[in-house]
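*Asks:* A predicted structure for the sequence below; I have some questions about it.
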Amino acid sequence: MIHNEIGFLIKVISDRMKALGDNDLREHDLTFSQAQVLVVIERSGGSIAQKEIEKVLDVSHPTIVGLVNRLYEKGFVTCETDDSDRRSKIVSLTDKAVALGKMMRAARNQSEQDLLEGLDDQEIETLNGLLRKLYGNIEERKV
């Protein structure tokens, strides 16, 4: 493999996983990006400030506003003004989103199994370590 193909391969894998995720989520009227927001909220205990979602996903305020609004319209989240900071919005999962979360975890686990098919435990551990190093390198250059 040519050394300068690594970034390209990471991008192609990422794009393909997103497309597969979008396809799997279509039957639930969700996109991969919307599902990512739901995962962030779930990992935060079911409720989180909208500003925190922006930080975790490293996306702009207008992007998160659009995603949260669509999730609200579809009945996956509720939104309330934060009592301690009236400028802040708290986003919480609905029962509909919690129930869907179980399916999403199973689908995510299956996607990862598919991605790692043919690799043994040592190869997976090595891959994980190398990807973490790459992530650390790129985080140091973050703008």
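*Replies:* Yes, it's here.
*Asks:* residue nearest the centroid of this structure?
*Replies:* What sits nearest the mean C-alpha location of the chain, by Cα atoms, centre = their mean, is Gln36, with 2.9 Å.
*Asks:* and that residue, how far is that from Val56?
*Replies:* The gap separating Gln36 from Val56 is 9 Å, by Cβ to Cβ, to the nearest Å. Every residue, glycine included, has its C-beta placed from N, CA and C.
*Asks:* now swap in Asp24 and tell me
*Replies:* 22 Å.
*Asks:* now the element after the longest strand seen in the chain, going C-ward?
*Replies:* Ranked by number of residues, the top strand in the chain under DSSP state E is strand 85-93. Per DSSP states H and E, the first helix or strand lying C-terminal to strand 85-93 is helix 95-115.
*Asks:* next, the angle from the very next helix or strand once past that following helix to helix 95-115.
*Replies:* Following helix 95-115 in sequence order, the next helix or strand is helix 121-140 (DSSP H and E). Taking axes from the mean of the first three to the mean of the last three Cα atoms, to 10 degrees, helix 121-140 and helix 95-115 form an angle of 120 degrees between their directions.
*Asks:* roughly how far does Thr94 sit from Glu73?
*Replies:* Counting by Cβ to Cβ, the gap from Thr94 to Glu73 is 12 Å.
*Asks:* neighbour-wise, which of these two wins?
*Replies:* With neighbours defined as other Cβ atoms under 10 Å, Thr94 and Glu73 compare such that Thr94 has more, 16 against 9.
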